[in-house]
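> everything below, folded, please.
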Amino acid sequence: MHLGLIHLYTGDGKGKTTAAWGLVLRAAGQGLRCCVVQFMKSCPQGGEARAWRQWLRQAGVELRQFARQAKEGERWAWVDPKNVLPEDRAAAEEGLAYARQAVNSGQFDLVVLDEIAVAVDWGLLEEERILQLLRERPRGVEMVLTGRGASARLVAAADLVTEMKAVKHPMDSGVRARAGIEY
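Below is the predicted model of the structure:
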């Protein structure tokens with residue numbers, strides 16, 4: 001295929017996951033085999049999961065979400081960075097094991113690790129293990145990492161870094177998250 005570079009989409013602004021899915025759409029359109037591994041997300045009714053079920057799965061795109069089950073009263077399972085639960089860590093570990101298998105399987109040209117920077121920043125996963133996965137990936141496997149708070153070491157490991165900067169967002173003035181736009 002090609003060299004297989006590492007992309008990192010980080011920053012406090014909206015659009016990191018959206019950019020990663022845009023790249024998946026572009027890559028799948030060119031016949032590349034894509035896998036998206038979402039950490040700390042279990043949202044089967046989110047826009048990307050619906051689009052995957054309706055269109056992208058048939059194009060050979062794989063999607064796996066790794067998060068604990070939502071508790072009673074929760075719409076989604078949110079990770080509290082001040083109170084990370086053992087189930088949150090277990091789901092992240094399961095996601096990392098799956099990601100390692102996907103990267104090394106020979107089945108995918110592009111692997112996205114969505115919210116991996118947050119999982120590292122909040123202590124769900126050890127940064128060195130992510131860096132090791134990046135170093136040991138087979139030649140030609142393109143990887144995308146997303147998430148706020150990417151460390152200097154993740155930035156240094158990436159070939160392409162885009163920082164999404166929050167300038168203005170409707171949620172700042174009370175507009176709730178909207179289906180199809182924020183999720």
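> in three-state terms, label T17 for me.
Using DSSP: H, G, I helix; E, B strand; the rest coil, the structure places T17 in helix.
> what pLDDT does it get?
You'll see T17 listed with a pLDDT of 95.
> distance of it from M164?
10 Å (Cβ to Cβ, to the nearest Å). Just so you know, the C-beta spots here come from the backbone N, C-alpha and C atoms, and that holds for glycine as well.
> of those two, who's got more company?
T17 (22 against 17; other Cβ atoms under 10 Å).
> for this protein, which spans come out with low pLDDT?
1-2 (pLDDT under 70).
> how about the strands in it?
6-10, 34-39, 62-66, 110-114, 142-146, 160-163 (DSSP state E).
> could those strands go into JSON lines alongside mean neighbour count?
Formatted as JSON lines, these follow (neighbours: other Cβ atoms under 10 Å):
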{"stretch": "strand 6-10", "mean neighbour count": "22"}
{"stretch": "strand 34-39", "mean neighbour count": "25"}
{"stretch": "strand 62-66", "mean neighbour count": "19"}
{"stretch": "strand 110-114", "mean neighbour count": "27"}
{"stretch": "strand 142-146", "mean neighbour count": "26"}
{"stretch": "strand 160-163", "mean neighbour count": "14"}
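> reformat the ones you listed as a markdown table; add distance to L56.
Below are those laid out as a markdown table (distance: least, Cβ to Cβ, whole Å):
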| stretch | distance to L56 |
| --- | --- |
| strand 6-10 | 19 |
| strand 34-39 | 8 |
| strand 62-66 | 7 |
| strand 110-114 | 12 |
| strand 142-146 | 15 |
| strand 160-163 | 22 |
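> which one, of those strands, ends up nearest to D80?
For D80, the closest of the strands of the chain is strand 34-39, at 15.1 Å, according to Cβ to Cβ.
> by contact count, what packs against the closest one?
Secondary-structure packing of strand 34-39 (3 or more Cβ pairs under 8 Å, 6 or more residues apart in numbering; DSSP states H and E): helix 16-29, strand 62-66, helix 86-104, strand 110-114, helix 116-121.
> those: which one's closest to P138?
Among these, helix 86-104 comes nearest to P138, with 6.4 Å by Cβ to Cβ.
> buried stuff in the closest one?
D88, R89, A91, A92, G95, L96, A99, R100, A102, V103 (16 or more other Cβ atoms under 10 Å).
> same deal with stretch 10-23?
T10, G11, K16, T17, T18, A19, A20, W21, L23.
> what's the span of that stretch, first residue to last?
15 Å (Cα to Cα, to the nearest Å).
> other residues contacting that stretch?
For stretch 10-23, contacts defined as Cβ atoms under 8 Å, 6 or more residues apart in numbering pick out 7, 9, 36, 48, 51, 110, 112, 114-115, 117, 144, 146-150, 154-155, 161-167, 169, 182.
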